[in-house]
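Trainee: Quick one, what's the 3D model for this:
(one chain, ligands or ions: 1)
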Amino acid sequence: MRLRAEHIEWRVHGHRLLDDVSLTVEPGETFGLVGPNGSGKTTLLRVLAGLRRPKVGRVLANERPMRAMRRHEVARTIAFVEQQADTLDRLEARQAVALGRTPFLSPLRPWSAQDDAIVDRALADVGMQSMADRLWHTLSGGERQRVHIARALAQQPSALLLDEPTNHLDIRHQLSILTLVKQLPVTVIIALHDLDQAMDCDRIGVMDGGRLVATGPPRDVLTLERLRRTFGVHATLLDDPDEDRPILRFRHAL
Ligand SMILES: Nc1ncnc2c1ncn2[C@@H]1O[C@H](COP(=O)(O)OP(=O)(O)OP(=O)(O)O)[C@@H](O)[C@H]1O
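Mentor: As a prediction, the model looks like this:
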């Protein structure tokens with residue numbers, strides 16, 4: 001799915017949280033959204049997910065204005081893993097993942113073996129199949145995060161939006177989730193704080209003060225000057241001996 005934002009502005013109590021943001025993410029692309037705290041990444045993801053409907057600007061999903069789409073239609077095509085996702089206290093992990101199938105169910109299309117298979121696959125993809133029967137409140141922060149990601153995968157979306165999905169994860173699960181989402185044949189927009197992880201995206205966008213100040217291939221965008229200006233850090237670039245890709249080494253805050 002092609003996701004396009006055109007001249008989005010989002011204001012809260014007179015503060016402009018998004019300022020003339022335009023962006024096109026192509027089908028199958030993995031697009032990283034980076035920027036300092038409070039730069040507008042979450043706000044932009046919420047707009048792209050259809051949870052916020054801007055008065056100025058518009059979002060198009062495969063060239064269709066999202067404003068014209070019904071909520072369940074959006075839920076069938078776009079999955080969003082939020083940073084502070086809901087607690088699901090009385091549910092088992094498997095039931096929480098099964099919620100991802102809700103937009104597809106109706107009296108004419110009840111739960112089926114196919115839904116079971118999709119849920120099993122999503123649990124396996126995030127390495128949670130052995131904890132499928134565990135109650136939500138018994139799961140660790142990282143395990144809950146993996147269940148949220150599995151719920152989004154169970155939606156089988158055309159676009160997957162993730163807000164700092166690796167936050168609570170140990171390094172092994174960070175890498176496996178990032179590898180997994182990159183391999184998915186769907187459009188992925190992922191907000192990341194780890195700029196080295198962002199280097200593996202197809203393209204990245206840099207948010208700064210509610211504006212999208214740069215987009216492009218990671219190494220073109222994450223220049224030392226950009227790191228200084230937007231992130232307020234002095235960094236150097238090191239060569240990775242195993243791959244044709246630089247490694248960022250952060251020296252100090254400016
Ligand atoms: N409801 C609100 N009312 C007032 N200000 C808000 C509201 N929601 C967000 N903001 C402000 O908007 C700005 C952008 O917030 P947002 O959560 O989009 O940033 P972010 O880039 O995702 O930050 P972080 O990296 O810290 O998660 C912040 O300054 C935040 O305090």
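Trainee: show me where the stretch 1-150 of the chain has helices.
Mentor: For the stretch 1-150 of the chain, applying DSSP state H, counting those that start in this stretch gives helices covering 41-48, 71-77, 93-98, 113-125, 141-154.
Trainee: Just the angle for the last one relative to helix 113-125, thanks.
Mentor: With axes from the mean of the first three to the mean of the last three CA atoms, to 10 degrees defining the directions, helix 141-154 sits at 140 degrees from helix 113-125.
Trainee: Show the subsequent helix or strand relative to helix 141-154.
Mentor: Scanning forward in sequence from helix 141-154 by DSSP states H and E, the next helix or strand is strand 159-163.
Trainee: Are there helices or strands packed against the next helix or strand after that next one, and which ones?
Mentor: Next helix or strand after strand 159-163 toward the C-terminus (DSSP H and E): helix 171-183. Other helices and strands packing on helix 171-183, by 3 or more CB pairs under 8 Å, 6 or more residues apart in numbering; DSSP states H and E, are helix 141-154, strand 187-191. Placement of C-beta: from N, CA and C, glycine included.
Trainee: 10 Å instead, please
Mentor: Applying 3 or more CB pairs under 10 Å, 6 or more residues apart in numbering; DSSP states H and E, we find helix 171-183 packed against strand 30-34, helix 113-125, helix 141-154, strand 159-163, strand 187-191, helix 195-198.
Trainee: who's in contact with it?
Mentor: 30, 32, 81, 125-127, 142-143, 145-146, 149, 152-153, 160, 162, 165-169, 188, 190, 192, 194, 197-198, 200-202 (CB atoms under 10 Å, 6 or more residues apart in numbering).
Trainee: Check the contact between residue 63 and residue 27; I expect there is one.
Mentor: No. Counting by CB atoms under 10 Å, residue 63 does not reach residue 27; the two are 11.6 Å apart.
Trainee: Pull up the overlap in contacts between these two.
Mentor: Common contacts of residue 63 and residue 27 (CB under 10 Å, 6+ apart): residue 2.
Trainee: Pick out whichever of the two has more residues nearby.
Mentor: Taking neighbours as other CB atoms under 10 Å, residue 63 and residue 27 compare with residue 27 leading, 13 against 7.
Trainee: List the residues that contact residue 163.
Mentor: Shown in contact with residue 163 (CB under 10 Å, 6+ apart): 33, 41-42, 44-46, 49, 80-85, 189-192.
Trainee: Please identify which helix or strand holds whichever residue of the stretch 151-254 of the chain sits closest to the ligand.
Mentor: Across the stretch 151-254 of the chain, no residue is closer to the ligand than residue 207, which sits at 5.9 Å (CB to the nearest ligand atom). Assigned by DSSP H and E, residue 207 belongs to strand 203-208.
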